[in-house]
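**Q** below are the sequence and a predicted model for it; my questions follow.
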Amino acid sequence: MAALRPSLAEAEAEAERRVRAWASGQRSRGRRVALVTSGGTQVPLEARAVRFLENFSSGRRGAVSAERLVAAGYGVCFLHRARSAFPWARALPPPGPALLDLLSVHGREEGAGARVALDPRALPGLVPALLAYSRAKDDGALLALEFTALDEYLALLRAAARALAPLGSSAMFYLAAAVSDFYIPASEMPEHKIQSTDGPLQITMKMVPKMLSPLVKEWAPEAFVISFKLETDPSILIIKARQALEKYRHQVVIANLLESRRTAVVVVTKDSETQLSLSNEEVSQGMEIEDKIVNYLEAQHRSFMEK
Ligand code: PMT
């Protein structure tokens, strides 16, 4: 891809410094570190962009996994799409009437004397989530980095990967973000809003290089790397996961289907395929598939480090 815009190059350098300093704090506390990527990237169709190519990802997989990884003792660098799901914040309803209806104003109706209250009985998950969040914050166990555009994601991933490389095999990369495979190079992008008066739109997009390749070969070659493979056609899911493992030579692919991704995944390694799924009973008990994914990967990571 083309050279970074100057502001992005600065953001990348700053992110690398921040992650490096945070990671050395995690190391001195004896913690393993996970970089969790989460949410979808945005690809502009115009330089002064009015329209974008987006995808379905809500960021929930990454956010829940980050919570579970912190609970399992990891320091988590959470590289996430702005305004997508955030660890523990998902205990709150999204901004809108459901949230407003939970809040009430007490005291003087306007000005500094007014207090806003929320009855925790209306949201039973909120108090445990707030307590877990403030513990993670006080422990410095969560470092959040935010992206929107594809090029921001790529720059921040590279920065974080380089900063975590000195941790060697104790660093885990958990690449759950849904990253666009297509983009329009800046040199080929129309500057202004594409006019509908010009008739039906035909665009040619270039391929985004897979970041797994430099990540595994150059940026953090000793790390434990987990990529995700999303498909909608079950007949090709495992084949594609195996192809990714053979091509990039990393440790794990988590294969999931769009429709069933909240309740079932297959963990694929060079010599195993493990189905993880939730029973109806487990769902009714509030268990989430990420509980099983993180449990499984934590053990795999431990044996990877021992080797
Ligand atoms: O966010 P949710 O709504 O909870 O949904 C979670 C999820 C379905 C998005 C998640 O579980 C998932 O499957 N994420 C990966 C989806 C995806 O983009 O798959 P892919 O086959 O296009 O990419 C495969 C892997 O290559 C991914 O780990 C990705 O990080 C990586 N990649 C992708 C593009 C690119 N240019 N470079 C990459 O390294």
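**A** Okay, I see it.
**Q** any regions of this structure where pLDDT drops low?
**A** When residues are selected by pLDDT under 70, those of the chain lie in 1-4, 6, 108-111.
**Q** which residues of it fall in strands?
**A** Counting by DSSP state E, the chain has strands at residues 33-38, 43-44, 52-53, 75-81, 103-106, 115-118, 142-147, 171-175, 182-183, 206-207, 224-231, 252-257, 264-269, 272-277.
**Q** chain center to the second one: distance?
**A** Just to be clear, that refers to strand 43-44. Between the centre of strand 43-44 and the centre of its host chain there is 19 Å, according to CA atoms, centre = their mean, to the nearest Å.
**Q** ok, the longest one next?
**A** Going by CA atoms, centre = their mean, the spacing between the C-alpha centre of strand 224-231 and its chain's C-alpha centre is 12 Å.
**Q** in the longest helix along the chain, what's buried?
**A** Under DSSP state H, the helix in the chain containing the largest number of residues is helix 6-28. Residues of helix 6-28 classed as buried: L8, A11, E12, A15, E16, R18, V19, R20, W22, A23, Q26, R27 (neighbour count, 16 or more other CB atoms under 10 Å). Placement of C-beta: from N, CA and C, glycine included.
**Q** ok so, going back, wait, which of the strands of the chain is closest to G59?
**A** Among those, strand 33-38 comes nearest to G59, with 4.6 Å by CB to CB.
**Q** tell me what the residue most central in space within the chain is bridged to.
**A** Nearest residue to the geometric centre of the chain (CA atoms, centre = their mean): S38, 1.4 Å. Bridge pairing for S38 (DSSP bridges) gives the partners H80.
**Q** columns distance to L157 on top of the strands of the chain, output as TSV?
**A** As requested, those are exported to TSV (distance: least, CB to CB, whole Å):
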stretch	distance to L157
strand 33-38	7
strand 43-44	16
strand 52-53	19
strand 75-81	6
strand 103-106	37
strand 115-118	36
strand 142-147	9
strand 171-175	8
strand 182-183	15
strand 206-207	17
strand 224-231	12
strand 252-257	17
strand 264-269	22
strand 272-277	26
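**Q** just put those strands in TSV and tack on distance to the ligand.
**A** Listed next are those as TSV, based on distance: least, CB to the nearest ligand atom, whole Å:
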stretch	distance to the ligand
strand 33-38	6
strand 43-44	11
strand 52-53	13
strand 75-81	9
strand 103-106	27
strand 115-118	26
strand 142-147	12
strand 171-175	4
strand 182-183	9
strand 206-207	8
strand 224-231	3
strand 252-257	5
strand 264-269	7
strand 272-277	12
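**Q** tell me the contacts of E231?
**A** For E231, the contacting residues are L237, K240, A255, L257, L258, by CB atoms under 8 Å, 6 or more residues apart in numbering.
**Q** distance of the first one relative to the ligand?
**A** Same thing as L237. L237 sits 10 Å away from the ligand, taking CB to the nearest ligand atom, to the nearest Å as the criterion.
**Q** what's the neighbour count on that residue?
**A** By other CB atoms under 10 Å, the residues close to L237 number 20.
**Q** offset the numbering so it begins at 519, please.
**A** That works, and once the first residue is 519, the last one we named lands at L755.
**Q** which residue is the nearest non-sequential neighbour of L733?
**A** Closest residue to L733 apart from its sequence neighbours, by CB to CB, 6 or more residues apart in numbering: A679 at 5.4 Å.
**Q** residues in contact with that neighbour?
**A** Neighbouring residues of A679 by CB under 8 Å, 6+ apart: L553, F691, L733, W737, A738, A741.
**Q** kindly report the same for I712.
**A** Per CB under 8 Å, 6+ apart, neighbours of I712: L563, E564, V568, R569, L719.
**Q** how many neighbours does the closest residue to R523 other than its chain neighbours have?
**A** Spatially, and ignoring its direct neighbours in sequence, R523 is nearest to D669 (7.7 Å; CB to CB, 6+ apart). Using other CB under 10 Å as the criterion, D669 is surrounded by 22 other residues.
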